[in-house]
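**Student:** no letters, just coordinates:
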């Protein structure tokens with residue numbers, strides 16, 4: 001019986017990981033790499049419906065200066081995707097997904113985050129960019 005419970009817990013963990021609504025790949029992007037953000041509206045738990053007319057990625061804080069503030073995702077096989085290449089100076093960004101007036105975020109008080117890595121380690125500039133994101137979100141004391 002204990003073995004069955006352990007196997008069920010392990011299986012549910014793998015299933016949950018493979019059924020994420022929003023996926024950023026690769027998980028540890030490096031400058032020069034192409035990043036893909038995918039929204040799968042068929043996975044329950046988010047506000048953007050499967051029949052949404054359009055979805056837009058909106059940067060909230062970012063040092064991805066070569067990219068526009070908002071970018072439309074393309075629908076491919078029931079999933080919404082966008083890909084972009086990271087500049088050499090890329091370090092960190094926060095973003096949300098929008099469909100009209102509907103906002104998709106990991107939770108009500110969080111934004112999606114992407115940390116850029118160099119040689120397998122997070123970029124040093126991520127602290128400065130993340131601090132700016134926190135000040136913007138919660139105000140300057």
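**Tutor:** That came in fine, so what should we check first? From a predicted model like this one, the values you see are computed outputs, not experimental measurements.

**Student:** for residue 120, give its distance to residue 24.
**Tutor:** Residue 120 sits 17 Å away from residue 24, going by Cβ to Cβ, to the nearest Å. No exception for glycine: its C-beta is placed from N, CA and C like everyone else's.

**Student:** what ranges does the chain have for its helices?
**Tutor:** Ranges of helices in the chain, per DSSP state H, are 2-18, 126-138.

**Student:** and those, which one's lowest on average pLDDT?
**Tutor:** Between those, the lowest average pLDDT goes to helix 2-18, which shows a mean of 39.

**Student:** which parts of stretch 22-37 are buried?
**Tutor:** 22-24, 29-30, 35, 37 (16 or more other Cβ atoms under 10 Å).

**Student:** okay, and the helix or strand of the chain with the least pLDDT?
**Tutor:** Least confident element among the helices and strands of the chain, by mean pLDDT, DSSP states H and E: helix 2-18 (a mean of 39).

**Student:** which residue, other than its chain neighbours, is closest to residue 90?
**Tutor:** Spatial nearest neighbour of residue 90, chain neighbours left out: residue 116 (4.6 Å); criterion: Cβ to Cβ, 6 or more residues apart in numbering.

**Student:** what is the neighbour count of that neighbour?
**Tutor:** 24 (other Cβ atoms under 10 Å).

**Student:** my guess is residue 72 meets residue 58, correct?
**Tutor:** No: counting by Cβ atoms under 8 Å, residue 72 stays clear of residue 58, with 10.5 Å between them.

**Student:** what about residue 33, distance to residue 39?
**Tutor:** 20 Å.

**Student:** and the nearest residue to residue 83 once chain neighbours are set aside, bridged to which residues?
**Tutor:** Among residues not flanking residue 83 along the chain, residue 36 sits closest, at 4.5 Å (Cβ to Cβ, 6+ apart). With DSSP bridges as the criterion, residue 36 is bridged to residue 25, residue 83.

**Student:** now residue 36: how far from residue 25?
**Tutor:** 5 Å.

**Student:** could you do residue 65 as well?
**Tutor:** 22 Å.
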